[in-house]
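1. Sequence unavailable; structure follows:
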Ligand code: SIN
């Protein structure tokens, strides 16, 4: 087998010199910690620099945030309306704050967010930005990883970019829905009360037919604010290419799925209680790990409504 080399050029995740916040890059490819702010007490000047840092680093995180669900909602609304990819009924009094919880004694094959993915690309308007607040965190395990899909695009040859330019990818939740159905069946057979479709402790409120029908989106999308081009392919939801036979699409997608989620394009976050993360869902893929059985993990998710990818 041929030795696989990582790309060695094109990395620039250096921090800008901000006046109201401090940004500390996490990895060469992407990610930065933002210091000197409390999300619940932001000034407009701090918010402007945070928005700039988000577009630059693709994923930003804040430690030691004393924030409430209302603070998370208000921060989310600074970017735009709430996303419409609500999977649960929210938490009492906060319809748009989605609990993402796994109890210590829960055992599941598929975790919410496992597998490299971009959030809800099977919708016409996937969320632009996603946010996650960590309330209760395992002592180890339960990390999240992201990959920078602008960097992945920039590391393709000009010829491959020309091949991809006119293509549209079919984004569908067919694989996820099938796993959820298997899980529900296994629980019923084991005599456990399921109460519906869900990922372990997360009871979902979803229209599976719409999720499976999915949507076709450009395989190369352009960021509406920065003009950057990014590969819009993931390992979870990308299942075909318009105008190609399944075998042709499968061959191209196999290469792209591997390419987009290479370690060289990634960063990995070790959570702590009260860590808050924000990522630009248009230009990165991410995954959560199902490696903390025996420990509880309690997170709260919000999203910002996105546009039709172009
Ligand atoms: C997600 O995919 O939105 C969840 C990520 C995580 O739980 O770490």
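-> Everything's here; your move. Because the structure is a prediction, the values reported are computed rather than measured.
2. can you list the weak-confidence ranges in the protein?
-> Judged by pLDDT under 70, the chain has its weakly predicted residues at 1, 86, 192-198, 202.
3. OK, now which residue of it is nearest to the ligand?
-> Residue nearest to the ligand within the chain: residue 113 (2.6 Å; C-beta to the nearest ligand atom). All C-beta atoms are positioned from the backbone trio N, CA, C, and that covers glycine.
4. Not counting sequence-adjacent ones, nearest residue to that residue?
-> Closest residue in space to residue 113, ignoring its immediate chain neighbours: residue 288 at 3.7 Å, by C-beta to C-beta, 6 or more residues apart in numbering.
5. how about the one you found, what does it touch?
-> For residue 288, the contacting residues are 111-114, 142-144, by C-beta atoms under 8 Å, 6 or more residues apart in numbering.
6. and these, which of them are in helices?
-> Secondary structure from DSSP state H places none of the contacts of residue 288 in helices.
7. Farthest-apart pair in those residues, please.
-> Maximum pairwise distance in those, criterion C-beta to C-beta, is 14.8 Å, between 112 and 143.
8. Compare neighbour counts for these two and give me the winner.
-> residue 112 (22 against 16; other C-beta atoms under 10 Å).
9. With the flanking residues excluded, which residue is spatially nearest to the more buried one?
-> residue 199 (4.1 Å).
10. Tell me which residues touch the one you found, please.
-> Neighbouring residues of residue 199 by C-beta under 8 Å, 6+ apart: 108, 110-112, 180, 183.
11. Against residue 30, how distant is residue 77?
-> Residue 77 is 25 Å from residue 30, where distance means C-beta to C-beta, to the nearest Å.
12. what's the neighbour count on residue 305?
-> Look at residue 305: counted by other C-beta under 10 Å, it has 17 neighbours.
13. quick one: contacts for it?
-> Residue 305 makes contact with 80-84, 125, 127-128, according to C-beta under 8 Å, 6+ apart.
14. most neighbours, which of those?
-> residue 83 (26 neighbours).
15. from memory that one sits against residue 127, does it?
-> Yes: using C-beta atoms under 8 Å, residue 83 is in contact with residue 127, at 3.7 Å.
16. Enumerate the residues of the stretch 151-300 of the chain near the ligand.
-> With C-beta under 6 Å from any ligand atom as the criterion, the stretch 151-300 of the chain comes near the ligand at residues 286, 288, 299.
17. can you give me the strands in the stretch 151-300 of the chain?
-> Here the stretch 151-300 of the chain has its strands, by DSSP state E, counting those that start in this stretch, at 168-171, 198-199, 202-203, 215-218, 220-222, 229-231, 238-241, 266-269, 276-280, 284-288, 297-304.
18. Just the residues contacting the longest one, thanks.
-> It refers to strand 297-304. Contacts of strand 297-304 (C-beta under 8 Å, 6+ apart): 69, 72-73, 76, 79-83, 85, 91, 96-102, 119-120, 127-138, 142, 281.
19. Residue 77 belongs to a helix, doesn't it?
-> Yes: residue state for residue 77 (DSSP: H, G, I helix; E, B strand; the rest coil) corresponds to a helix.
20. Distance of it relative to residue 134?
-> Taking C-beta to C-beta, one finds residue 77 at 21 Å from residue 134.
21. So these two - more neighbours on which side?
-> residue 134 (23 against 13).
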